[in-house]
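1. Structure for this input, please:
(one chain, ligands or ions: 2)
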Amino acid sequence: MSEAGAEVAGVPVAALKRHAELSDLVDEARWRYYVLDQPTVSDAEFDGWFRELLALEEAHPSLQTPDSPTQKVGAPVSGDFAKVQHLNRMESLDNAFNEADMAAWMQRAERLAEGDPGPYLCELKIDGLAIALVYRDGKLERGATRGDGRTGDDVTDNVRTIKGVPHRLTGDDVPSLVEVRGEVYIPVEDFKKLNEQLVEQGKTPFANPRNSAAGTLRQKDPRVTAQRPLRMLVHGIGIWEGSAVPRAQSEVYERLREFGLPVSDLYRVVPGLTEVNEFIENYRVHRHDPPYEIDGVVVKVDDFRTQRELGSTSRAPRWAIAYKYPPEEVNTKLLDIQVGVGRTGRVTPYAVMEPVSVSGSTVERATLHNAAIVVKKGVLIGDTVVLRKAGDVIPEIVGPVTALRDGSEREFVMPTHCPECGTELAYEKEGDADLRCPNARGCPAQIRERIFFAGGRRALDIDGLGYVAATALTQPLPPQEPVVRTEADLFDLTLEQLLPIKSIVRDQNTGLAKIDPKTGEEKVVSFFSNIDGGASQNALQLIEELKQAKQAPLANVLVALSIRHIGPPTARALADEMRSIDRIMNASEEELAAVEGIGPRVAATIREWFSVDWHREIIDRWRAAGVRMEDEPAPEKGPQTLEGLTFVVTGTLEGYTRDSAADAITSRGGKVSGSVSKKTSFLVVGENAGSKYDKAVSLGVPILDGAGFEVLLKDGPEAAAAVAVSTEA
Ligand SMILES: NC(=O)c1ccc[n+]([C@@H]2O[C@H](COP(=O)([O-])OP(=O)(O)OC[C@H]3O[C@@H](n4cnc5c(N)ncnc54)[C@H](O)[C@@H]3O)[C@@H](O)[C@H]2O)c1
Ligand SMILES: [Zn+2]
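-> Ligands and ions are numbered 1, 2, ... in the order given. Below you'll find the model as predicted:
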């Protein structure tokens with residue numbers, strides 16, 4: 001028989017080996033996680049091993065011996081604390097990862113309970129650590145960690161320092177003995193502050209709130225624990241004696257709340273699978289709304305008699321299940337740190353990682369912001385790092401897993417010269433965190449980024465000028481010369497110029513070259529030509545859209561120039577006021593600063609920008625190419641008869657909408673306000689006027705009806721005052 005086909009007691013040797021290997025991995029990980037509070041693998045990886053173990057044991061039941069990790073909870077206690085025997089075994093939870101798992105769990109419960117096990121209590125799975133509190137005659141007697149489920153660490157002194165945990169229970173009918181189980185955690189906001197403090201004190205910050213809560217609860221000095229923001233929420237009971245025993249999980253929560261224990265408001269009791277799934281989906285979207293981190297939802301059969309009927313396996317109850325959301329933190333390898341150059345010349349180090357799936361997307365790059373942050377995070381090239389991506393937030397490197405270092409890791413060195421143009425990098429002003437490439441005119445990276453930006457929706461709105469196009473125009477493969485050397489060239493582009501261009505592809509977020517995973521090399525594309533050498537759709541589209549962009553409104557042209565501090569709102573204000581590029585170009589700093597929303601600093605930046613000769617060349621060349629450099633003149637203003645007056649409009653006025661009534665006032669120089677005060681000059685009322693009318697009456701504000709409003713617009717405020725309903729007492 002070949003080695004691969006060998007069996008021992010009916011189990012293939014390969015399965016035996018894998019089972020032993022996984023058991024070791026899981027035991028070791030549990031020890032690092034529960035005892036040292038310093039995990040070296042991510043929860044996702046751990047869960048993967050655990051699932052594989054379960055699958056092996058399902059296929060070969062003889063592997064499921066009592067000392068298998070699947071039959072155990074947590075890890076043995078460390079010896080740093082006194083040991084405590086739990087009054088009742090503390091269990092773990094089985095996991096579900098999708099709707100099918102959830103439905104299967106419910107079906108099994110239904111089969112075992114011989115009927116509908118519902119209703120179900122749905123609650124959040126707090127990512128903290130389990131605690132058991134014993135209250136005897138209403139007094140907090142002890143607090144203990146879960147340990148291996150039977151024996152835990154005695155952390156009573158530390159538990160007494162947790163805010164919100166009562167030392168004495170209040171209310172009626174308090175049991176003579178009750179063991180309350182719950183989760184100890186650190187709220188997300190407090191966790192951030194705690195880590196900032198630790199960094200200030202020169203200490204290593206915690207990787208995440210769970211680790212910080214676990215490390216804090218298992219502090220040997222309760223004075224340290226007392227200073228840290230631990231909280232607790234209850235999620236069950238171990239024992240209840242000496243008063244009427246509740247009949248359901250939800251009833252327990254209500255009673256414990258009456259006793260003064262901290263109970264979450266975020267649980268729901270629901271009839272069946274549909275509502276359970278709704279609860280799960282709701283918190284998938286709102287995962288970050290609660291003040292603490294959650295890693296899933298726990299679903300429990302609410303009724304205690306049904307819970308007892310269902311019972312437990314060796315490590316978890318059959319009446320509860322934890323639905324786990326995809327991990328937001330994973331471990332991956334930091335392969336390299338490369339620097340990218342942005343539109344304003346800012347040089348940013350980026351982590352280049354082994355691609356890894358986190359929060360539903362594959363991540364291989366993450367910004368490290370600047371050299372100081374690389375140092376602060378303490379990451380070395382070659383490290384295993386913790387990568388976090390919470391929902392839609394950009395991925396972030398949390399820190400290195402230092403326990404996994406083997407000495408081959410090396411420090412990142414921030415370059416002194418621009419990686420794209422070789423110019424020496426500099427801080428723009430003292431105290432800046434970011435180094436910049438000062439070569440704004442000639443740095444190919446900065447030109448590429450500005451050209452791409454100029455094509456954006458809020459600038460010239462040229463769809464055909466995407467990132468690949470911007471790269472091709474500004475950075476063709478040598479020996480080709482760039483067809484766009486500065487923005488000045490943009491509107492002179494011809495189809496003939498585009499056709500021969502070949503270029504590499506870059507990542508839009510970092511500007512770094514993309515590598516073809518198959519060849520390990522940079523990809524080369526001919527973006528503007530087809531295989532036969534003719535113009536591609538991309539080329540035709542770009543040329544056509546450039547033509548249309550010549551009619552862009554002045555505000556968009558201003559945005560496209562990449563003048564520092566001139567984003568869309570400021571550009572809009574400038575354009576509305578000045579109406580032509582020439583006026584802006586010739587305006588003094590004082591005139592510019594008089595525009596609403598522009599302060600002296602921005603005014604100075606604008607003047608400075610226009611004083612640079614190659615900037616003026618952009619304007620000249622764009623103008624020569626036919627770009628419209630001014631807006632239509634503003635509509636003639638009529639006489640400002642309502643200047644200095646404030647109006648409130650309420651109800652429906654015949655012949656007007658809310659907006660058109662307001663426009664009629666503002667175009668005559670009046671102001672429109674939403675609420676009536678003593679300063680209101682007139683209240684204009686239509687049909688169905690509400691409380692504003694009463695308020696105006698009580699304040700003695702003159703009131704105009706529809707006819708009075710027409711008088712106001714035609715003949716002015718004095719004539720209107722004569723027809724107003726004066727309510728002055
Ligand atoms: N990264 C690692 O090396 C490593 C090692 C061991 C365990 N782990 C993590 O821990 C998990 C296993 O730990 P576990 O055995 O504590 O199981 P678990 O975290 O999957 O679920 C059980 C625990 O959930 C907690 N919990 C939170 N909210 C709850 C609620 N509302 N109701 C009931 N219980 C609630 C309780 O403390 C309970 O003991 C793994 O899935 C993994 O994510 C990671
Ligand atoms: Zn440069």
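
2. Which residues of the chain lie near ligand 2?
-> Taking CB under 5 Å from the ion, the part of the chain that reaches ligand 2 is made up of 418, 420, 421, 423, 437, 439, 443. (Glycine included, C-beta is placed from N, CA and C.)

3. Show me what from the protein comes close to ligand 1.
-> 29-30, 32-33, 39, 41-43, 46-47, 73-74, 92-93, 95, 123, 125-126, 130, 146, 183, 235, 298, 322 (CB under 6 Å from any ligand atom).

4. Pull out the buried members of these.
-> 29-30, 32-33, 39, 41-43, 46, 73-74, 92-93, 95, 123, 125-126, 130, 146, 183, 235, 298, 322 (16 or more other CB atoms under 10 Å).

5. Look through the stretch 251-400 of the chain and state the residue closest to ligand 1.
-> For the stretch 251-400 of the chain, the residue positioned closest to ligand 1 under CB to the nearest ligand atom is residue 298, at a distance of 4.0 Å.

6. now that residue: how far from residue 605?
-> 55 Å (CB to CB, to the nearest Å).

7. quick one, what contacts the nearest residue to residue 294 once chain neighbours are set aside?
-> The shortest distance from residue 294 to any non-neighbouring residue, by CB to CB, 6 or more residues apart in numbering, is to residue 124 (4.6 Å). The neighbours of residue 124, taking CB atoms under 8 Å, 6 or more residues apart in numbering as the test, are 264, 266, 267, 283, 290, 294, 296, 297, 298.

8. Can you give me the neighbour number for the third one?
-> When counting by other CB atoms under 10 Å, one arrives at 20 neighbours for residue 267.

9. ditto for the second one
-> The number of residues packed near residue 266 is 16, by other CB under 10 Å.

10. cool, and the fourth one?
-> Each residue near residue 283 was counted by other CB under 10 Å, and the total is 22.

11. do residue 413 as well
-> 10.

12. what do you get for residue 511?
-> 24.

13. now residue 522
-> Neighbourhood size, residue 522 [other CB under 10 Å]: 14.

14. Domain boundaries for the chain, per the record?
-> Per automatic domain parsing, the structural domains of the chain span 3-71, 85-324, 329-404, 444-549, 554-624, 646-723.

15. how about these in JSON lines, adding mean pLDDT?
-> Output for these, formatted as JSON lines (pLDDT from 0 to 100):
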{"stretch": "domain 3-71", "mean pLDDT": "91"}
{"stretch": "domain 85-324", "mean pLDDT": "95"}
{"stretch": "domain 329-404", "mean pLDDT": "93"}
{"stretch": "domain 444-549", "mean pLDDT": "96"}
{"stretch": "domain 554-624", "mean pLDDT": "95"}
{"stretch": "domain 646-723", "mean pLDDT": "89"}
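
16. Rebuild these as CSV, extending it with distance to residue 634.
-> Formatted as CSV, the domains of the chain follow (distance: least, CB to CB, whole Å):
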stretch, distance to residue 634
domain 3-71, 59
domain 85-324, 45
domain 329-404, 32
domain 444-549, 22
domain 554-624, 7
domain 646-723, 12
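
17. In stretch 494-503, which residues are buried?
-> Neighbour-count burial for stretch 494-503 [16+ other CB under 10 Å]: 497, 498, 499, 501, 503.

18. Tabulate the residues you listed (CSV), appending secondary structure.
-> Output for the buried residues of stretch 494-503, formatted as CSV (DSSP: H, G, I helix; E, B strand; the rest coil):
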residue, secondary structure
497, helix
498, helix
499, coil
501, coil
503, strand
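
19. pretty sure residue 291 is touching residue 189, no?
-> Yes. Assessed by CB atoms under 8 Å, residue 291 is found in contact with residue 189 at 6.9 Å.

20. just checking, residue 666 touches residue 672?
-> Yes. The pair residue 666 / residue 672 is scored as a contact, 6.3 Å apart, by CB under 8 Å.

21. who has more neighbours, those two?
-> Per other CB under 10 Å, whichever of residue 666 and residue 672 has more neighbours is residue 672, with 17 against 12.

22. what separates the closest residue to residue 116 other than its chain neighbours from ligand 2, distance-wise?
-> Excluding its sequence neighbours, the residue lying closest to residue 116 (CB to CB, 6+ apart) is residue 110, at 6.4 Å. From residue 110 over to ligand 2 the distance is 67 Å, taken as CB to the ion, to the nearest Å.

23. which residues touch the helix or strand where residue 110 lies?
-> Assigned by DSSP states H and E, residue 110 belongs to helix 99-113. Contacts to helix 99-113, defined as CB under 8 Å, 6+ apart, come from residues 94-96, 116-117, 273, 276-277, 280, 299, 301, 306, 309-310, 318-319, 321, 323.

24. quick check, distance from the helix or strand hosting residue 473 to the centre of its chain.
-> Per DSSP H and E: residue 473 is located in helix 467-474. Chain-centre distance of helix 467-474: 30 Å, with CA atoms, centre = their mean, to the nearest Å.

25. before we move on, what SS does the residue of the stretch 251-400 of the chain closest to ligand 1 have?
-> Per three-state DSSP, residue 298 ends up strand.

26. Pretty sure residue 159 sits against residue 133.
-> Yes. Assessed by CB under 8 Å, residue 159 is found in contact with residue 133 at 6.6 Å.

27. Need the overlap of contacts for these two.
-> The contact lists of residue 159 and residue 133 share 140, 142, 143, 165, where a contact means CB under 8 Å, 6+ apart.

28. Could I get the contacting residues of the first one?
-> Same thing as residue 140. 133, 134, 156, 159, 160, 165, 166, 167, 168.

29. Give me the buried subset of those.
-> Here, 16+ other CB under 10 Å leaves 133, 134, 156, 159, 165 buried among the contacts of residue 140.

30. Just put those residues in CSV and tack on secondary structure.
-> Conversion of the buried ones among the contacts of residue 140 to CSV gives the following (three-state DSSP):
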residue, secondary structure
133, strand
134, strand
156, helix
159, helix
165, coil
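
31. Now the residue positioned nearest the centre of the chain: phi and psi?
-> What sits nearest the mean C-alpha location of the chain, by CA atoms, centre = their mean, is residue 393, with 2.8 Å. The phi and psi values for residue 393, taken as degrees, to the nearest 10, are phi -70, psi 150.

32. Could you do residue 387 as well?
-> Here is the backbone geometry of residue 387 (degrees, to the nearest 10): phi -110, psi 130.

33. need the contact list for the residue in the stretch 451-600 of the chain positioned nearest to ligand 2.
-> Nearest to ligand 2, among the residues of the stretch 451-600 of the chain, is residue 511, at 11.0 Å (CB to the ion). By CB under 8 Å, 6+ apart, residue 511 lies in contact with 340, 341, 342, 445, 448, 449.

34. If we use 10 Å, what do you get?
-> 338-343, 348, 350, 419-420, 445-446, 448-449, 452, 467, 471 (CB atoms under 10 Å, 6 or more residues apart in numbering).
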